[in-house]
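J.: Provide a 3D model corresponding to the input given below.
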Amino acid sequence: MGEVGPKKLKVEEITKAQSLIDAISQGVYELSELYGKEWKHIQSPTSFGGKFKSTVEAGLLKRICIGEKKSNNHQTYRVE
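T.: Prediction:
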């Protein structure tokens, strides 16, 4: 239980992500920038990044949309 759907963040992860989004200024960010010092606690950044992107695509997070992928293959997100 607590799983929103396949390959998406768990409910508690969505709650945490939304609180970080709500606390940050408008702009374009990579996940590591969005999560700040908490990023080092993410056990599998690549897997988490895929789930985060699927969660954004599903419209489960407010004030954020998918930005461009950088040349280093890092996905960016636009906080509105």
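J.: how close does the residue nearest to the spatial centre of the chain sit to residue 15?
T.: Central residue of the chain (Cα atoms, centre = their mean): residue 52, 4.2 Å from the mean position. Residue 52 sits 13 Å away from residue 15, going by Cβ to Cβ, to the nearest Å. In short, each C-beta sits where N, CA and C put it, glycine included.
J.: by contact count, what packs against the helix or strand hosting residue 15?
T.: Counting by DSSP states H and E, the element that carries residue 15 is helix 11-22. Judged by 3 or more Cβ pairs under 8 Å, 6 or more residues apart in numbering; DSSP states H and E, the packing partners of helix 11-22 are helix 31-35, helix 45-57.
J.: which parts of the last one are buried?
T.: Of the residues in helix 45-57, those buried by neighbour count under the rule 16 or more other Cβ atoms under 10 Å are 48-49, 51-56.
J.: Next: stretch 55-64.
T.: Under the neighbour-count criterion of 16+ other Cβ under 10 Å, stretch 55-64 has 55-56, 60-61, 64 buried.
J.: do the same with stretch 62-80
T.: Across stretch 62-80, burial judged by 16+ other Cβ under 10 Å covers 64, 67, 75-77, 79.
J.: Reformat the helices and strands packed on helix 11-22 as a markdown table; add mean pLDDT.
T.: Putting the helices and strands packed on helix 11-22 into a markdown table (pLDDT from 0 to 100) gives the following:
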| stretch | mean pLDDT |
| --- | --- |
| helix 31-35 | 97 |
| helix 45-57 | 95 |
